[in-house]
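In: model the structure of this input:
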Amino acid sequence: MKKGVKILLWIVGGLVALVLLVSLLAGPIAKGYVNRHGEDITGRKVHVGHVGLNLFTGHVNIRDLDVYEDDAATVFAGFDTLDVNVRLLKIPFHTLHFGHITLAGFHADVKQQGDRFNFNSLIEHFASDDTTADQDTTPSDWVLKFYNIRLSHARLNYDDLATNKGWHLPDVNLRVPGFVLGGEGNTEGGLNIGFDQGGRLGVEGNYDSQSNNFDLTVSLADFAVANLESYLADMLRYESIDGNVYANLKAEGNLDEIMRSSISGNVAVSALAVSDANGPVAAFDTLAVTINNICLDDNRFDIASVRLGGLKATYEQWKEYSNIDRLLTPESGESADTGKVADTPAQPADTNTAPTKPLSLHVGSFVINNAALTYVDHTLPDPFSFAITKLGVEATDLTTEGENNARLQATLQGGGKLNVLWNGDISNWKQHQDLFLTIRGLDMRQFTPWSVAYTAQPIDDGIFGLSSHTMIANSKLVSKDNIDIYKLRVGDRRKDIDPEVKLPLKTALYILRDKDDKIQLPLSVSGNVDNPEFNYMKALWKTLGNLLVKVATSPVRALGNAFGLSGDDLEFLAVKPDQHILTSEQYHVLSSLATIVQSDSLLTLTLERQMPVGDSVAYQRLDSQISNYLIEQGLPQNRFSITVSDSANSGRSGYAILSQIAIE
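Out: Down below sits the predicted model:
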């Protein structure tokens, strides 16, 4: 062999051996360099356990790398394994081709204190001192291709030290088969996240870089609402919150018009329960929503069905706030001394924003099954609590753009039944509402706290029924109600209560009862719902009170129903001019009067003598007989009086019966 050839072979062999040696030593050299100079490079202490480089295949393998905090003692971020393959032969053609990128066991602990994060020093270390903006806008001719990208079992933690809030994701996985930067093609991938308090999120997506179109599928399984506790505390004030969320949603659209994306799928929440310091506020077994299409840009929500099962909710009202007000007010929004919800300063209107499109909502089927609602009123002198159970609501084709119909039925506390038929407009409710409501078999004793508050008298007995038709047209409310009550009894007036209205309730009820112990009252309430002083319940009580006063202040005709007498018999007690002794019929009238006057402490009786001029002694004898008999019947002397008419020559002989109500 020629000497020159031998030398060439020795040179080539030596170069190959050198390349092999460098390839073998590159990893350990790189490892040593990183461990010695990592702090100079990053500004943080860096430690790596293994570095493997293959200059022939473009394969890089790094294991056990950690980047420390500024204290050089606490690990900030790192990973177990990073494995990368680069096609080196593509580089001369301005193509950076990654055959695979695998990152396993990545972990990072991000902490925030005010407006500063624990990675700020890293950013500041790499920040350039040259603040001049890069003016070169020439498109790069490099193409970056990424294939088989995997992030497996990553652990990500974020903590806001100032607010003690954060996210803890113990298992994050990412899969991207491939995507190209600087070229055209489709990109697809998947993300899977496990949450520390339960639940997994899965995301699968496709993206076309040429058209900018995308489609995204999101699935959520067994997601515990408790994962959101630290953030829900910014919006709600609660003692505890539990529940699980499930979802299977699909979004399709274009990144250039992201708000016009179409969203469809299913969302469900199970076993949700919210409690405040006083106890449960709301809970339900299941809430399931099926979505046909949602377009946020059009403000359009087309919902196939909404089904709510096992709802249990409590509404408590105090004079200045309710439990819902308190629940929806963050801790900082409450006055420390009273608990009153603080006023929110008015914000100036943004005149530059485009007008929001009106809400377009359609729900094909709306169903509530087996709900239970409890109302507690702490504003009354005596606390009032009332429960509605077995509540069911059914409606089809609910819409904000037209007429709606719904049916409601429920069992009322004490055995009553409630039925409601509704027809009306949702978006412009003041323009049209038509509501038929019936209540049957309701025990009225449960409403004693309200009765005491409005009249100072408790309800001792009574079964209540109601047929009500309420209409609203152009903000004008008209309600026509028919009340049907059986064996209604009220107790004595309480001295410690200053009632809203002062009524001769016992007297009025006594008069209103028919021979079968029934009371049937037609009532009519009207008002303008735009008037801030209009209150339906107060208007109803006022209407009822006016009716009772009218009846009680003119009892003589009504007494005819109670005692089988005509009104004329009780408007005037006829006495013959020469009569000296009362007749049995006259005693019966007086007995009836004594009974009715004793039924209510506000009622008094006046007998006005109207006799022709004659024997005054004889007339006084009759006055004495009447007075003695009324006292014998138990009527106190201060509850009745006998007077003489100014017009003695009225043409009548007897006593005009004048009952009066002492409205205070």
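In: and Phe106, what does it touch?
Out: Counting by CB atoms under 8 Å, 6 or more residues apart in numbering, Phe106 makes contact with 77-80, 151, 154-155. From N, CA and C alone the C-beta is placed, and that goes for glycine too.
In: revised request: answer the last question for Gly527.
Out: Residues in contact with Gly527 (CB under 8 Å, 6+ apart) are 476-477, 534, 536, 539.
In: please enumerate the strands of the stretch 401-550 of the chain.
Out: Listed from the start of the chain, the stretch 401-550 of the chain has strands (DSSP state E, counting those that start in this stretch) covering 403-412, 417-425, 432-443, 459-473, 476-490, 518-528.
In: okay, these in JSON lines with distance to Asn293 and mean pLDDT next?
Out: Output for the strands of the stretch 401-550 of the chain, formatted as JSON lines (distance: least, CB to CB, whole Å; pLDDT from 0 to 100):
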{"stretch": "strand 403-412", "distance to Asn293": "20", "mean pLDDT": "94"}
{"stretch": "strand 417-425", "distance to Asn293": "23", "mean pLDDT": "94"}
{"stretch": "strand 432-443", "distance to Asn293": "28", "mean pLDDT": "93"}
{"stretch": "strand 459-473", "distance to Asn293": "32", "mean pLDDT": "92"}
{"stretch": "strand 476-490", "distance to Asn293": "36", "mean pLDDT": "89"}
{"stretch": "strand 518-528", "distance to Asn293": "39", "mean pLDDT": "83"}
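In: want to throw the ones you listed into CSV with distance to Ala277?
Out: What follows is the strands of the stretch 401-550 of the chain, written out as CSV (distance: least, CB to CB, whole Å):
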stretch, distance to Ala277
strand 403-412, 29
strand 417-425, 31
strand 432-443, 32
strand 459-473, 32
strand 476-490, 37
strand 518-528, 37
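In: looking at those, which is closest to Glu320?
Out: Between Glu320 and these, the tightest spacing by CB to CB is seen for strand 518-528, at 24.5 Å.
In: and the closest one, what's buried?
Out: By neighbour count with 16 or more other CB atoms under 10 Å, strand 518-528 contains the buried residues 519, 521, 523, 525, 527.
In: about what we covered before: so which of the strands of the stretch 401-550 of the chain is nearest Val46?
Out: Nearest of these to Val46, taken as CB to CB: strand 403-412 at 65.2 Å.
In: quickly run through the sheet partners of that closest one, with directions.
Out: According to DSSP bridges, strand 403-412 has the following sheet partners: strand 384-399 (antiparallel), strand 417-425 (antiparallel).
In: can I get the contacts of Phe106 in JSON lines with pLDDT?
Out: As requested, the contacts of Phe106 are exported to JSON lines (pLDDT from 0 to 100):
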{"residue": "Ala77", "pLDDT": "90"}
{"residue": "Gly78", "pLDDT": "90"}
{"residue": "Phe79", "pLDDT": "91"}
{"residue": "Asp80", "pLDDT": "94"}
{"residue": "Leu151", "pLDDT": "91"}
{"residue": "Ala154", "pLDDT": "92"}
{"residue": "Arg155", "pLDDT": "93"}
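In: for the closest residue in space to Gly43 that isn't next to it in sequence, helix, strand, or coil?
Out: Setting aside the residues directly before and after it, Gly43 is nearest to His125 in space (CB to CB, 6 or more residues apart in numbering), at 3.4 Å. Secondary structure for His125, judged by DSSP: H, G, I helix; E, B strand; the rest coil, is helix.
In: next one: Val589
Out: Val589 ends up helix, using three-state DSSP.
In: what about it, how many neighbours?
Out: For Val589, the tally of surrounding residues (other CB atoms under 10 Å) stands at 21.
In: which one is it nearest to, not counting chain neighbours?
Out: With CB to CB, 6+ apart as the measure, Leu573 is the residue that lies nearest to Val589, at 5.8 Å, once sequence neighbours are left out.
In: and for the one you found, the neighbour number?
Out: 20.
In: kindly state the pLDDT recorded for it?
Out: Each residue has a pLDDT score; the one for Leu573 is 85.
In: surely it meets Leu658?
Out: No - contact criterion CB atoms under 8 Å: Leu573 and Leu658 do not qualify, at 11.1 Å.
In: so what sits against both of those two?
Out: Where contact means CB under 8 Å, 6+ apart, the residues bridging Leu573 and Leu658 through contact with each are Leu607.
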